[in-house]
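Enquirer: below are the sequence and a predicted model for it; my questions follow.
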Amino acid sequence: MSDKKKTAPKTPIEGVKIKLSIMDRVMLPALLLKKGSMADLETAEDIKKKAKIGKEEESEIKLKKSKAGITWNVSKDKIYTFSRAEVRCLQRSYGIADEAGEIMADMLNLCRKIRDMKI
């Protein structure tokens, strides 16, 4: 017999899933924390990287940036999984913007999604 103890396999902690539209992903960086602890800002940076629209996707959706704003031809929602720390960061960012009255009309759908996230 082996001296090794049997342990149950570790189950990965499931994150919170949320569907983000192109508009949500475009608005997300403007909502995230601009100042805070090092950990908060690193988490915010991780969220930005996760939801970033890459060059290949920009081409697929024909994303164009101009002085008038940002336009795209195809609406393409994606489901993202956020860790507990990321959800807390998103909710803290939303809370600060809401309290300061800094939520823009284009952010409303995104803010509702973040407000309603459950950890």
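Expert: Received, thanks.

Enquirer: for stretch 101-110, C-alpha coordinates in CSV please.
Expert: The C-alpha trace of stretch 101-110 is given here as CSV (Å, rounded to 0.1, in the frame of the first residue of the first chain):
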residue,chain,number,x,y,z
GLY,A,101,-22.7,61.1,-11.2
GLU,A,102,-20.2,60.2,-13.9
ILE,A,103,-22.2,57.5,-15.7
MET,A,104,-22.8,58.4,-19.3
ALA,A,105,-25.9,57.3,-21.2
ASP,A,106,-23.8,54.9,-23.4
MET,A,107,-22.7,53.1,-20.2
LEU,A,108,-26.1,52.5,-18.8
ASN,A,109,-26.5,48.9,-20.2
LEU,A,110,-23.0,48.0,-19.0
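
Enquirer: got the contact list for the longest helix seen in the chain?
Expert: Among the segments of the chain that qualify as a helix by DSSP state H, the longest is helix 84-99. For helix 84-99, contacts defined as C-beta atoms under 8 Å, 6 or more residues apart in numbering pick out 13, 15-16, 31-33, 36, 39-40, 43-44, 46-47, 50, 82, 103, 107, 111, 114-115, 117, 119. Bear in mind the C-beta positions are built from the backbone N, C-alpha and C, glycine included.

Enquirer: in PyMOL, how would I select the buried members of the residues you listed?
Expert: To isolate the buried ones among these in PyMOL, judged by 16 or more other C-beta atoms under 10 Å, type:
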select buried, resi 31+32+33+36+40+43+44+47+82+103+107+111+114+117
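
Enquirer: what's the average pLDDT for the longest helix of the chain?
Expert: Helix 84-99 comes out with an average pLDDT of 96.

Enquirer: now do that helix: distance to the chain's middle.
Expert: Centre-to-centre, helix 84-99 and its host chain are 10 Å apart (C-alpha atoms, centre = their mean, to the nearest Å).

Enquirer: kindly report the same for stretch 105-119.
Expert: Using C-alpha atoms, centre = their mean, the mean C-alpha position of stretch 105-119 is found 10 Å from that of the whole chain.
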